[in-house]
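J.: Only the shape, not the letters, is given here:
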């Protein structure tokens, strides 16, 4: 079975490359003789890096980088030699050195703040509540793999105003510059969201985790362009220097178009290696929303933390008008996984930017002053969550990446109406909800760690791969089968031979009335985040609020007997998972005989029943998710986008 799986993986790669080469040679404007000698940049992977390098040279190629993290090398090769190279038994895959996109855009602002404007997003996610308990991210190093770090005092000085020990390491894979710089500006903006130590006009720190140390890893050029090869070099450097600099979090605010299953993509493989070695990887969903299947690479990686964006609509203390902007990419992934994992502030985000940077010149309307800039995107939302992850690890250094992910998702606050059990956004757009730092850091959260039941080491070794439990029903609506009843879904094991359903690649989508943007939305006054709710005078931050005796930690509060986790609460007998019904990921309210009942999700005739999910005609059956006409069929639907991307 293992040999058959490896052969199928190589077959997939061969089919893609053959189609690509055919397209390159058939391009009308390029003479065939010229095309035959054209050299392209590739990522070559094999069983062992040294042997890959030898084979590249054997076929007349030039090795441009050594990429041990994916058992391969970057190389320039004549496209005509690729089919022969793939026939070598020691070669596993050949991937075009594709482009990555930074997921942030300048945003016009009419504000005119002082030299150190206040930022709202730390308050929106409750980071100030965490700071009040003297947790600032101290003792944690965050690696920012991006366009660099600019010389901004909020980035280069710690909370004591000292430069020494703040930026602990720097590496540049674009120009090999020895001192930190950021000609583009995106990396500086992202780093400021995570770590800005300046005090704003509101008297609070401007970054989510102002006490962290930073590592700058430059992989994007002045114009924002980045390649797979440079990104792989950057990720590899982080893994190699993880222990030396105590790197616990890697922020990756960029994405590429999905060209293959998650496990076949070199960027995903490298970040899986980082995750497996103890680095929390936080990445962006991409800015290609709001459609289904718009999550990019590496946001489609089922192991890492993928972040979508919401905006507070310029009213940070009023949750009732918050919404998910159209740019935030939605799931499921092409492998059926629920993504994003959660959402965080990503609209009109104020952060650090040097006036000489490329983005500052390209978008002068987004400059607040000489040192601050407004941007929107899932890049910014990702940085917010990286900051929260740093706060979590600062409070509890024993947390593993899987536990950090689990706590973030379990503590996120979903958008749903508790009266009607209707969702404002489906699980494939909001994940488990909006990030909230106090819960993520301090709450007593049980349950299995994230990625439970998945073997990342076997996945990396090519011994097993996984599928998520998202599926599209006969009406074209995406729904979710979860193996443990959670929004996070689960993972089924790919048998290495079968082929998934091509419906996940079709254009018809699922944006009907019962879909993501259906009529059942609830951003009005009656919703969970309405004026009379979470933020009211008697609410979360009210007189009897978060830290009070009757508040968040009190007997009658969020964790109390009658609260969110109590008997009558979200998880109680009458609540979300209770006997009186439940709310599924597809937005439907189920009655008492539903999710957990005898005839329900776990019942005799349900998910695991004789006629259910695992039957011959079901998920793994001949006509199911991996059917003959499916994802890995003859059409190989991602070939065209790969060619256009190159």
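T.: Ah, there it is. Quantities reported herein were computed from a predicted structural model and do not represent experimental measurements.

J.: so where's the stretch 351-500 of the chain shaky on pLDDT?
T.: Low-confidence regions of the stretch 351-500 of the chain, defined by pLDDT under 70, span residues 417-418, 420-422, 481-500.

J.: can you give me the helices in it?
T.: 358-362, 378-395, 401-411, 427-430, 437-442, 456-460 (DSSP state H, counting those that start in this stretch).

J.: Give the buried residues for the fifth one.
T.: Across helix 437-442, burial judged by 16 or more other CB atoms under 10 Å covers 437, 438, 439, 440, 441, 442. C-beta: built from backbone N, CA, C; applies to glycine.

J.: dump the residue contacts of the last one.
T.: Contact criterion CB atoms under 8 Å, 6 or more residues apart in numbering gives 130, 133, 395 as the residues in contact with residue 442.

J.: Adding distance to residue 336, write the buried residues of helix 437-442 out as JSON lines.
T.: Listed next are those as JSON lines, based on distance: CB to CB, whole Å:
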{"residue": "437", "distance to residue 336": "30"}
{"residue": "438", "distance to residue 336": "33"}
{"residue": "439", "distance to residue 336": "28"}
{"residue": "440", "distance to residue 336": "26"}
{"residue": "441", "distance to residue 336": "31"}
{"residue": "442", "distance to residue 336": "34"}
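
J.: Tell me the one of the residues you listed nearest residue 95?
T.: residue 440 (35.2 Å; CB to CB).

J.: Run a quick neighbour tally on the nearest residue to the closest one once chain neighbours are set aside.
T.: The spatially closest residue to residue 440, leaving aside those adjacent along the chain, is residue 411, at 4.5 Å (CB to CB, 6 or more residues apart in numbering). Close neighbours of residue 411, defined as other CB atoms under 10 Å, add up to 22.

J.: ok, residue 411 - contacts?
T.: For residue 411, the contact set (CB under 8 Å, 6+ apart) comprises 435, 436, 439, 440, 443, 445.

J.: do the same with residue 67
T.: Taking CB under 8 Å, 6+ apart as the definition of contact, the neighbours of residue 67 are 43, 49, 73, 74, 229, 232, 233, 236, 266.

J.: Got the phi and psi for it?
T.: Note on residue 67: its backbone torsions stand at phi -120, psi 70 [degrees, to the nearest 10].

J.: Which secondary structure state is assigned to residue 248?
T.: For residue 248, the reduced secondary structure class is strand; criterion used: DSSP: H, G, I helix; E, B strand; the rest coil.

J.: Mean neighbour count, the helices of the stretch 351-500 of the chain: which tops it?
T.: Mean neighbour counts were taken over the helices of the stretch 351-500 of the chain using mean count of other CB atoms under 10 Å, and the top value, a mean of 31, falls to helix 378-395.

J.: looking at it, residue 53 is touching residue 68, isn't it?
T.: No: the criterion here is CB atoms under 8 Å, and residue 53 misses it with residue 68 at 10.6 Å.

J.: so where is the chain shaky, pLDDT-wise?
T.: For the chain, the stretches flagged by pLDDT under 70 are 1-37, 104-115, 417-418, 420-422, 481-646.

J.: go again using 50 as the cut-off
T.: Within the chain, the stretches falling below the threshold (pLDDT under 50) are 1-2, 4, 6, 11, 14-36, 108-113, 482-490, 496-646.

J.: Kindly report the domain assignment for it.
T.: The record assigns the chain these domain ranges, following automatic domain parsing: 2-97, 101-481.

J.: Of the contacts of residue 67, which is the nearest to residue 407?
T.: Ranking the contacts of residue 67 by separation from residue 407, with CB to CB as the measure, puts residue 236 on top at 27.9 Å.

J.: Touching, that closest one and residue 69? I think so.
T.: Yes: the pair formed by residue 236 and residue 69 meets the contact definition of CB under 8 Å, at 4.1 Å.
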